[in-house]
Structures are given as C-alpha cells and as structure tokens.
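1. Next one to model:
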Amino acid sequence: MADKNSGRTEDLRAKSDDQLSTDLTELKRESFNLRFQAATNQLERPARIREVRRDIARIKTLQGERVRDTAAAKSGA
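-> Residues are numbered from 1 along each chain as shown. The predicted model follows:
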C-alpha cells in the first residue's frame with residue numbers, strides 16, 4: 001500500500017503550482033459531491049471519501065513545502 005501512495009505523491013510533485021491548485025479545486029468539488037451523496041444514501045464507493053480527503057491533504061502538504069522552500073531561498077537560509 002505504501003508503494004501506491006508514494007506513487008501518487010511523486011506524480012503530484014511533478015506538477016506545477018497551477019496544476020496542483022486546479023487539482024485541489026477539483027478534489028474539493030468531488031469531496032462536496034461525495035458528502036452530499038453520502039447524506040442522501042446514494043454513495044457507491046464509501047472508500048472514495050477517504051481517498052479524496054487524503055489526496056487533498058497531500059496537495060496541501062506539497063503546497064506548504066513549496067511555500068517554505070521559496071521563503072527559505074529568499075531569506076538565504
């Protein structure tokens with residue numbers, strides 16, 4: 001299972017900041033739709049909620065790393 005997750009992370013690392021932002025927006029929209037389906041008992045794959053939440057967390061983590069790296073480079077550290 002760790003191999004599958006590390007592959008997702010590597011795929012995300014290869015994307016640009018704009019692509020990550022676009023993916024994040026799409027995942028948040030999907031998350032909303034999944035929550036709505038769960039509330040109305042129409043959810044086909046309950047595990048997808050967890051996958052989407054974790055993908056959102058991966059993207060936010062990468063964005064935070066990039067911000068910190070940029071700040072460190074600017075400060076000369």
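2. all contacts plus neighbour counts: C-alpha atoms, from now on.
-> Fine.
3. And whichever strand or helix holds Ala72, what does it pack against?
-> Under the criterion of DSSP states H and E, Ala72 resides in helix 47-75. Helix 47-75 sits against helix 2-13, helix 17-39, with contacts defined as 3 or more Cα pairs under 8 Å, 6 or more residues apart in numbering; DSSP states H and E.
4. By mean pLDDT, which helix or strand of the protein comes out lowest?
-> Across the helices and strands of the chain, mean confidence by mean pLDDT, DSSP states H and E is lowest for helix 2-13: a mean of 81.
5. what packs against that helix?
-> Against helix 2-13 (3+ Cα pairs under 8 Å, 6+ apart) you get helix 47-75.
6. in the helix it packs on, what's buried?
-> Neighbour-count burial for helix 47-75, with 16 or more other Cα atoms under 10 Å as criterion, is recorded at 49, 52, 55-56, 58-59, 62-63.
7. Mind putting these into TSV with distance to Ala73 and pLDDT?
-> Shown next, in TSV, are the buried residues of helix 47-75 (distance: Cα to Cα, whole Å; pLDDT from 0 to 100):
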residue	distance to Ala73	pLDDT
Ile49	36	97
Val52	32	98
Asp55	27	97
Ile56	26	98
Arg58	22	97
Ile59	21	97
Leu62	16	96
Gln63	15	96
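8. Need the max-distance pair from the residues you listed.
-> Of all pairs drawn from these, the greatest distance, 21.3 Å, lies between Ile49 and Gln63 (Cα to Cα).
9. nearest residue to the spatially most central residue of the chain other than its sequence neighbours?
-> In the chain, the centroid-proximal residue (Cα atoms, centre = their mean) is Ile56; its distance is 2.7 Å. Leaving aside its sequence neighbours, Ile56 sits nearest to Leu24 (Cα to Cα, 6 or more residues apart in numbering; 6.1 Å).
10. Relative to Ala47, how far out is that neighbour?
-> 19 Å (Cα to Cα, to the nearest Å).
11. try Gln63
-> Gln63 is 25 Å from Ala47, where distance means Cα to Cα.
12. now swap in Thr70 and tell me
-> Counting by Cα to Cα, the gap from Thr70 to Ala47 is 35 Å.
13. ok and the least confident helix or strand of the chain relative to helix 17-39, angle-wise?
-> Calculated by axes from the mean of the first three to the mean of the last three Cα atoms, to 10 degrees, helix 2-13 forms an angle of 130 degrees with helix 17-39.
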